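Peer 1: Provided below are the primary sequence and the corresponding predicted coordinates.
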Amino acid sequence: MTTRHTSLFEPPPDRDGLRAMPVEYAAFCELHRPRYLSYARVWLPDAEEAAASVQEALCEVATHWRELLVSSNPTAEAWHILRTTVSARLHTGPATPGPRTAGPVPSDSRPAGPQDEDLAILHYVVGLAAPEIADVVGSDTANVAGRLRRAVLHDPAEW
């Protein structure tokens, strides 16, 4: 592995007084970081900016790790953080350094699940199968497969 790639696998920097993170968080990052990065690269073609957005999202996940674990769907909460981070960078450029003040968005103020556009991107652009997508976005495989079938009926320019 070259030094260019090792930065993608570093743990998040100490932020808001975080010390060593639990092994569960490290496992979460190891499982999701490559897929998160593939998704971010679709929206942010600059590799460094995509990697920075994923790192920022994982720092946000780390900051709220305990809260996420007691939520009804920690993986969906983390996916929402990633989408919000990538979207913010897409619309405003790199984020200003420093801790964020807001935690995860309450579940009643966001869509019920991942957007069909995200599912289509993860499947048709990134190349993930429905079970992998379900693991990444915190959904079940049957729901993802059904929504992918519906997404095919729409013009790809819509997503």
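Peer 2: Received, thanks. Residues are numbered from 1 along each chain as shown.
Peer 1: From here on, just use CA atoms for contacts and neighbour counts.
Peer 2: OK.
Peer 1: can you map out the helices along the chain?
Peer 2: 3-6, 23-43, 47-63, 65-69, 74-92, 116-120, 130-137, 141-153 (DSSP state H).
Peer 1: Highest mean neighbour count out of those?
Peer 2: Mean neighbours per residue, mean count of other C-alpha atoms under 10 Å, is largest over the helices of the chain for helix 47-63, with a mean of 23.
Peer 1: hang on, the earlier thing: kindly reformat the helices of the chain as a markdown table containing mean pLDDT.
Peer 2: Conversion of the helices of the chain to a markdown table gives the following (pLDDT from 0 to 100):
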| stretch | mean pLDDT |
| --- | --- |
| helix 3-6 | 40 |
| helix 23-43 | 94 |
| helix 47-63 | 96 |
| helix 65-69 | 93 |
| helix 74-92 | 92 |
| helix 116-120 | 88 |
| helix 130-137 | 95 |
| helix 141-153 | 87 |
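Peer 1: Quick check: nearest residue in space to Ser38, chain neighbours excluded?
Peer 2: Val126 (6.3 Å; C-alpha to C-alpha, 6 or more residues apart in numbering).
Peer 1: Does the one you found touch Leu37 like I think?
Peer 2: No: applying C-alpha atoms under 8 Å as the test, Val126 and Leu37 come out as separate, 10.0 Å apart.
Peer 1: From Val42, how far out is Arg150?
Peer 2: 21 Å (C-alpha to C-alpha, to the nearest Å).
Peer 1: actually Ala57, not the one I wrote
Peer 2: Remark: distance between Ala57 and Val42 (C-alpha to C-alpha) = 16 Å.
Peer 1: mind listing what Ala129 touches?
Peer 2: Applying C-alpha atoms under 8 Å, 6 or more residues apart in numbering, we find Ala129 in contact with His123.
Peer 1: what's the distance between it and Tyr36?
Peer 2: Using C-alpha to C-alpha, one gets 15 Å for the distance from Ala129 to Tyr36.
Peer 1: same thing with Leu69?
Peer 2: 19 Å.
Peer 1: What of Leu58?
Peer 2: Distance from Leu58 to Tyr36, by C-alpha to C-alpha: 10 Å.
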